[in-house]
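> I would like to see how this sequence folds:
(chains A, B, C, D and E)
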Amino acid sequence: MLQHITGKTQTGFEWIDIYEPSEQELKQIIKKYDLHPALVNDCLQPDHLPKYERMPTYSFIIFRIHTEDDMPEADKVQQMTHKIAIFYSDQFIITIHRKKQRFLDHLISMVQADKCNDSQELLNILINDCLNTYEAPLAKLSKAVDYFEEVVFLRPKKVPLLKGLYYLKRKIDLIRRMLILSFEIIDALDADPGNVNTRDTRDHYVKLQNMLDSLAENIHQLLNIYFSASSQRTNDTMRILTIFSVFFMPLTFIVGIYGMNFEFMPELKWKLGYPGVMLLMAVVTLFIYLWFKRKNWL
Amino acid sequence: MLQHITGKTQTGFEWIDIYEPSEQELKQIIKKYDLHPALVNDCLQPDHLPKYERMPTYSFIIFRIHTEDDMPEADKVQQMTHKIAIFYSDQFIITIHRKKQRFLDHLISMVQADKCNDSQELLNILINDCLNTYEAPLAKLSKAVDYFEEVVFLRPKKVPLLKGLYYLKRKIDLIRRMLILSFEIIDALDADPGNVNTRDTRDHYVKLQNMLDSLAENIHQLLNIYFSASSQRTNDTMRILTIFSVFFMPLTFIVGIYGMNFEFMPELKWKLGYPGVMLLMAVVTLFIYLWFKRKNWL
Amino acid sequence: MLQHITGKTQTGFEWIDIYEPSEQELKQIIKKYDLHPALVNDCLQPDHLPKYERMPTYSFIIFRIHTEDDMPEADKVQQMTHKIAIFYSDQFIITIHRKKQRFLDHLISMVQADKCNDSQELLNILINDCLNTYEAPLAKLSKAVDYFEEVVFLRPKKVPLLKGLYYLKRKIDLIRRMLILSFEIIDALDADPGNVNTRDTRDHYVKLQNMLDSLAENIHQLLNIYFSASSQRTNDTMRILTIFSVFFMPLTFIVGIYGMNFEFMPELKWKLGYPGVMLLMAVVTLFIYLWFKRKNWL
Amino acid sequence: MLQHITGKTQTGFEWIDIYEPSEQELKQIIKKYDLHPALVNDCLQPDHLPKYERMPTYSFIIFRIHTEDDMPEADKVQQMTHKIAIFYSDQFIITIHRKKQRFLDHLISMVQADKCNDSQELLNILINDCLNTYEAPLAKLSKAVDYFEEVVFLRPKKVPLLKGLYYLKRKIDLIRRMLILSFEIIDALDADPGNVNTRDTRDHYVKLQNMLDSLAENIHQLLNIYFSASSQRTNDTMRILTIFSVFFMPLTFIVGIYGMNFEFMPELKWKLGYPGVMLLMAVVTLFIYLWFKRKNWL
Amino acid sequence: MLQHITGKTQTGFEWIDIYEPSEQELKQIIKKYDLHPALVNDCLQPDHLPKYERMPTYSFIIFRIHTEDDMPEADKVQQMTHKIAIFYSDQFIITIHRKKQRFLDHLISMVQADKCNDSQELLNILINDCLNTYEAPLAKLSKAVDYFEEVVFLRPKKVPLLKGLYYLKRKIDLIRRMLILSFEIIDALDADPGNVNTRDTRDHYVKLQNMLDSLAENIHQLLNIYFSASSQRTNDTMRILTIFSVFFMPLTFIVGIYGMNFEFMPELKWKLGYPGVMLLMAVVTLFIYLWFKRKNWL
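Residues are numbered from 1 along each chain as shown, chains lettered A, B, ... in the order given. Sure thing, here's the model as predicted:
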């Protein structure tokens, strides 16, 4: 679907937004604006990574924005992010994406209300809005990390956390990679040191990166603690099981003694032999119990 | 409660402090100073994170200060910090917060004694005082980390430390996050490189951050050491329990031999068979004991 | 094989490309361009590491490019990378390598189409193309790390992963080392701060380095998680095995009791002694089962 | 004890050194030099942390120097460091400390020999000498870390190292914290970028910090290795103990078989039944031994 | 042995090289060049650490170069490095060392061939050559790390690696420390930002440091992996040993049942009792075997 949002007479530059692009629309665009077919082809690959290319008369940007419908087990670039391709020059901005993107509506109405002076300014706001799509998912991931941290530390139930931790780690790593790959775009956008607005976009980008670095560090520590805490619990169980065994070791030995078939074992003929041995074993058990208590093993 | 602390005639700028803000007071403020209603709305969200927004005629700051009554198991933003919202321009400063904040009293008396020349200076002192609220809790956390370190290393009692370590880690992480999110505020405040006072505020901020980085590293190391030390102790216990078992293994085997029902077992008829076997087992036990001693396992 | 690709009259500089260099060709080159024999000797060592040497009238570069045929168990410099030696001055560029390199063809046709103005520009494109040979292998390594991560976290089969992880780690480390050693070359190439093209090459280099740092960190974390997850699974197995043993401990003790040979053991004469003991043991087993269930060990 | 070391007529500034300060001396000083009583009060707190305060007419510094008598189990700020308070202006330097400090003697004689031109220069030498007090303890800590490293790696005796490692870690962390807190002092001292002498002091400070960072990293790694090596040794012991048990498992089972009371067990009546079983068990034991040998478990 | 290598008339500066210095030679030097006796004394201490001291008329440098004969178990400063002391001014360079150093020969012949214009240039080449002595040992250490990595990952033989890893770690740490301590020397040498030659020396120094940082990180990771891999192997052994035990648990219990002495145990009188029980035990064993197989524990 091709949409002429603004024209030269209105704002001094054209903005064409295309979603669900048809073959024909793309061909028409290539011809009209003299775009490189290979770049337009990049627009059609759904899993193309972020990219910045300077051409003689225009620049080409692929940005990946975070999807709005966040599946808990998404761990592929395509599942978590959508591609938006931008052709950009002083004269025009062409945005190509597969689905209608809600966050563009705000921008469209702004441009149509004539609040945008040139294409550079529009591009800056556009990129800033793209970065904004990461804010909500990041806040959600941050909360998820907090939740898992609480579970790992305080609730020693046998919940299978590993899968959840995996998807959390993957998502954080994947978003982080997208941002690192987008650095060139931000860097090219904010090439002029005097521009306050693009500077703000860079600050926004840096803030997102800091949050992701901190999240990545947290999830890494959390995984370590998860394994340590889980190992600690298993070890504690093993200790108690082993203690349990230790109680029966000497008892089984004692009953073994009186199971021997020697002819001359006076105890076997004693009337009180049997209850005596039972008592002996109770005493041994008590003794071991007290020893373990003193050693703080119980 | 709305308080006019200083007016234009006195100091060249107005300062209005509002606590427990009523609907009506806020409406009145919005109208009088032409504030953006969405921002004023932010003031009412108790868990809003630190934020800096530049508007055409004024700036808007949300800062979170550390609460004075520190609960040991607090681990939520709202439990540990209070929000203070600031609208700021050359002409006025409006501070909005939910509870009366003691640290403001000192500032109010200072302004009323006419020791503050412009709103920029006041803002700087205000932010500095906000940062100051973190000093005492940080010192307390630092002491707690030292205490836990001592316990983990030197006192191998079976104290349940994990919960305490969790709250410590959470608090440190949370304060750290608050500070990272406040960076924009400090950066905007100290935009002019020549100003010694705002430079001091930035130094203050950086010092707090360094302390937190160091605390975060310490608690991370401490958790590792805690798990390692705890695992070492469990392993030592397991070793001794296993050694205990090993003593009974050959003994149980020997008594098993003489529990066999073969008709032709000459030892069973010997008069000294029973005491002989008992002696044999004593020798075996001694032998194992000496072997373990030499191997340094006991 | 010696190839004159361009001459002075065409482009203002000469480019000579030599592959599978013969003794004689090299001698001829040394003589004609007055090269240092020791440097030309370096060209013949197949495992020479990246190097940059400034001579009075020319510079000498050894770069290592990634091989195209990637063996899964390659872990030596020579197996993974090929050497390309470059003598370079304003007047000439001489490239020496052992095998024909496909990536040079594109460059050769470009120079022959007269699209290259001076030797400095050619060198820059050449180095950039050399860096490009690392892009595809890096993407492949990145995918391999992702795959191993998924296997380690989600598929607890007993696959022998250690070997695969080793080769992954080795390759990442080795490529990283090559890049670190190439820093001097990039730094010398991009000595003039105003040149946008060499600046792009440096950006390319920095991007590769960032990707490798991130890969190296990932594989390091992955190894830790692999060992932790593997240890967790073994521990779980041990726990269940130990629980299994614990069930038989008291049973073996009970049958031991009634295996004792005391003359006065009334139970032995009871008609219901045998079934009674069997029942007792069933009850004990049930009791232990319930205890373990409540303790969450089963 | 109050000492006038130099006066205005001699050197252009006064230096007053006070140790074991009496109430009266301090009052006299406060009055004469118009000092802030709260700051003088700070001088009397023995555990006050490093601090820098700029007052309108003078500056106030609290520095902590390393004590000369180093107790092995010192782990408190007060046990390891002494406080030295400095009031400083163009006109005077006042140093206040509890005990006589030997390192000051050198400085006093230097000033009295008229080798110091102004108070700024004196302050710089003083701070430099304060930093110097850390050199020897750091060298000692570095040697201790080396020693512990050797013990952990090469001498697997069961020495209780944990306590020693704790005090080492504590001391390193504490000195590190002191230095971090002293940063403001060094930064204020070296405010003028052209001054070579204060630059040297800063270099000195930075060198100490680098050494401490490296020590802190070493002790952190050493703790990890200590726990890993200790765990490895315990595991090896456990393995051998378990192997020991495994030898007796089948033997005890075999003697159990012939302890059964079936009427029709032909072996029980065989003349060679008993020696035959003994031989069988010897064979089983040998078989297990060879199996373990081949598996490399012995 | 005192050697006048060059004089003022030849090169504008004197170079005196002393090896195996005698008391008398040193006294003579002190007197002639007015050197500080304490510094000359430093020359005689074989384990003096790197040092830089600026004196009013000359500078004093202690550098430590790597020894040529590398013992595998060297881990002391003195075993691994030799001291070279340098007194340096515009007028003279005096080098003092204990043994004849081969790497100086090249320098001596260069100076004598009149290729060195001033003492500053000579000092720079000298320091660069000193740094060069670390190149070969570093390459060797790097190969050793690679070798150990391969052994740890791929060859699970029970080789005692810990000792080898210790000496590797020690050497890397020690060289790293030497370089850190030499920073002042390099920094003083390269004080003038315009000098390309000293800049090269600094680059050389930085490259060595990067290589050492990377080696130190590698050996640290390798130690972790070594302990993890070793622990994994022990755990696997323990699992199999425990499984072995588990097979005998129910069997021993069953034979225990028929070892009981109840009068009324009908099975004991059955003709097929004995073979029946044997069969039962075979079935139990098979059942356990299949269960373990399905659980993937075998």
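> Quick one: residues in contact with stretch A:127-137.
Stretch A:127-137 is contacted from outside by A:63, A:65-66, A:68, A:70, A:84, A:103-104, A:106-107, A:171, A:175, A:179, A:185-186, A:189, A:200-201, A:204-205, A:208, using CB atoms under 8 Å, 6 or more residues apart in numbering or on different chains. Heads up, the C-betas are built off the backbone N, CA and C, glycines and all.
> no, scratch that, I was asking about stretch A:217-226
Residues contacting stretch A:217-226 (CB under 8 Å, 6+ apart): A:145, A:148-149, A:152-153, A:161-162, A:165, A:168-169, A:172, B:173, B:220, B:223-224, B:227, C:221, C:224-225, C:228.
> What residues does chain A have near chain D?
With CB under 8 Å from any CB of the partner chain as the criterion, chain A meets chain D at residues residue A:259.
> Show me the strands in chain A, by range?
A:2-6, A:14-19, A:51-54, A:59-66, A:81-88, A:92-97 (DSSP state E).
> May I see these organised as a markdown table, with mean pLDDT added?
Converted to a markdown table, the strands of chain A look like this (pLDDT from 0 to 100):
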| stretch | mean pLDDT |
| --- | --- |
| strand A:2-6 | 83 |
| strand A:14-19 | 89 |
| strand A:51-54 | 84 |
| strand A:59-66 | 90 |
| strand A:81-88 | 90 |
| strand A:92-97 | 91 |
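> Mark which of the contacts of stretch A:217-226 are part of helices, please.
Under the assignment DSSP state H, these contribute A:145, A:148-149, A:152-153, A:162, A:165, A:168-169, A:172, B:173, B:220, B:223-224, B:227, C:221, C:224-225, C:228 to helices.
> residues touching the residue located most distally from the centre of chain A, list them.
Centroid-distance maximum for chain A: residue A:264 at 75.3 Å, with CA atoms, centre = their mean. Contact analysis of residue A:264 by CB under 8 Å, 6+ apart lists B:270-271, B:273-274.
> so how far is chain E from it?
19 Å (CB to the nearest CB, to the nearest Å).
> Now do that residue against residue C:274, distance only.
From residue A:264 across to residue C:274, the span is 29 Å (CB to CB, to the nearest Å).
> What of residue A:215?
66 Å.
> Over to residue A:144?
Distance from residue A:144 to residue C:274, by CB to CB: 59 Å.
> what do you get for residue A:259?
17 Å.
> more neighbours, these two?
Shown here are residue A:259 and residue C:274; by other CB atoms under 10 Å in any protein chain shown, residue A:259 has more neighbours (25 against 21).
> Lowest average confidence across helices and strands of chain A, where is it?
In chain A, no helix or strand scores lower on mean pLDDT, DSSP states H and E than helix A:8-11, which sits at a mean of 79.
> And the contacts of that helix?
A:14, A:91, A:111, A:114, A:116-118.
> let's see it at 7 Å
Helix A:8-11 is touched from outside by A:14, A:111, A:114, A:116, with contacts defined as CB atoms under 7 Å, 6 or more residues apart in numbering or on different chains.
> Check stretch A:82-92 too.
By CB under 7 Å, 6+ apart, stretch A:82-92 touches A:13-14, A:16, A:33, A:35, A:42-43, A:46, A:48, A:57-65, A:67, A:93-99, A:119, A:123, A:130.
> Poorly predicted segments of chain A, please.
Residues of chain A meeting the criterion pLDDT under 70: A:156-159.
> Tell me the residues of it that contact chain B?
Taking CB under 7 Å from any CB of the partner chain as the contact definition, chain A meets chain B at A:153-154, A:210, A:221, A:225, A:228, A:231-232, A:235-236, A:238-239, A:242-243, A:245-246, A:249-250, A:252-253, A:256-257, A:259-265, A:296-297.
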